[in-house]
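> I'll drop the sequence and a predicted model, then ask my questions.
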Amino acid sequence: MPVKCCFYRSPTTETMAWSENMDTLLTNQAGLDAFRTFLKSEFSEENVEFWLACEDFKKTESAEKIASKAKMIYSEFIEADAPKEINIDFSTRDLISKNIAEPTLKCFDEAQKLIYSLMAKDSFPRFLKSEIYKKLVNSKQVGNHKKWLPFL
């Protein structure tokens, strides 16, 4: 086991670990908050909000809550001209529309996969290049140096 001395620096700070993959980012509250801030700046926060709503929806146990949450997600993100309408293909939207009368915990899975893929391929790489992320990494590095090298 390596010995830590006053010059020890953590190999990866929490903030830098977010760049490993989008799951790491989404499961960390500070990472999620930073990603949401970035998406808001790009006017696409509906994607992560939909993804989070689906994650919450999958944990629903009561049949009546499944129905009410499904209708809320549908009216907020799926139906045409929804306040936070997500960008999904017609066939996925149509399938959800047909199944919303009797929703299951899997009724949004395909749309959630599409939105996750969109974020992973498009928004996430841009986030890692954004000033928001760079400032967070720099502030954590400065904080890390001060923590381990107090004389700096």
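The structure has been received and is ready for your questions. Residues are numbered from 1 along each chain as shown.
> Tell me where the model's unsure across the protein.
The model of the chain has pLDDT under 70 over residues 1-13, 140-152.
> at 90 instead, please
Low-confidence segments of the chain (pLDDT under 90): 1-21, 28, 30, 63, 134-152.
> Let me see the ranges of the helices in it.
Counting by DSSP state H, the chain has helices at residues 14-17, 22-26, 29-41, 45-58, 63-73, 90-99, 109-118, 124-129, 131-148.
> Export the ones you listed as TSV, with columns for mean neighbour count and distance to residue 79.
Just so you know, the C-beta spots here come from the backbone N, C-alpha and C atoms, and that holds for glycine as well. Converted to TSV, those look like this (neighbours: other CB atoms under 10 Å; distance: least, CB to CB, whole Å):
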stretch	mean neighbour count	distance to residue 79
helix 14-17	17	37
helix 22-26	18	25
helix 29-41	16	21
helix 45-58	18	13
helix 63-73	15	10
helix 90-99	14	7
helix 109-118	18	12
helix 124-129	16	27
helix 131-148	14	31
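> Noted, bye for now.
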